[in-house]
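In: all I have is the shape, not the residue letters:
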């Protein structure tokens with residue numbers, strides 16, 4: 001037998017901190033504590049304070065939009081412990097792309113509902129393309145580096161050859177000068 005779903009149509013006000021309209025840094029709720037604070041005194045015309053009456057029904061507490069309890073997954077082994085009928089999956093935000101893809105493929109096989117990714121198939125396809133693109137870019141960069149290294153080596157070899165040739169020419173010129181000087185100094 002299916003349980004009757006309880007609709008939580010009760011409208012809850014958006015609880016914001018007092019004076020959040022005046023100061024930028026007042027974003028999240030803080031309990032008002034000032035003596036003259038109108039919010040604390042529940043004065044008419046001011047924002048509502050969180051109270052127990054705004055709570056959701058016990059049957060809905062802790063459940064997501066699809067009436068399943070969300071569970072954060074950080075590795076593939078945690079999937080085995082989860083019940084498909086009671087839980088939906090939220091993939092941890094601090095996971096790397098490859099690990100995410102690995103977990104998502106296993107989720108796809110088992111048929112779980114994922115909360116923080118809308119279309120699992122599309123996500124996997126796009127990210128696989130991205131990984132492939134990055135690999136190709138890496139190969140191109142490494143090839144460019146190798147070519148650059150080869151060209152630098154060739155240039156250095158050419159430079160060394162030219163330096164060697166210049167040294168040999170200088171040595172020959174020097175030897176010729178010495179021979180000429182010896183001929184001039186030699187007695188006749």
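Out: Arrived safely. This is a predicted model, so every value here is computed, not measured.
In: could I get the phi/psi values of the spatially most central residue of the chain?
Out: In the chain, the residue lying closest to the centroid (Cα atoms, centre = their mean) is residue 96, at 7.0 Å. Main-chain dihedrals, residue 96, degrees, to the nearest 10: phi -80, psi 170.
In: mind giving me the domain ranges of this structure?
Out: With domains defined by automatic domain parsing, the chain comprises 1-57, 62-117.
In: which neighbouring elements make contact with the helix or strand where residue 179 lies?
Out: Element membership for residue 179 (DSSP states H and E) is helix 120-185. Counting contacts by 3 or more Cβ pairs under 8 Å, 6 or more residues apart in numbering; DSSP states H and E, helix 120-185 is packed against helix 97-110. In this view, the C-beta of every residue, glycine as well, is placed from N, C-alpha and C.
In: ok, and what's touching the helix it packs on?
Out: 73, 75-76, 79, 84, 89, 91, 95, 114, 117, 120-121, 123-124, 127-128, 130-131 (Cβ atoms under 8 Å, 6 or more residues apart in numbering).
In: and the buried ones among the residues you listed, selectable in ChimeraX?
Out: Selecting only the buried entries of the contacts of helix 97-110 in ChimeraX, with 16 or more other Cβ atoms under 10 Å as the criterion:
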select :73,79,89,91,114,120,124
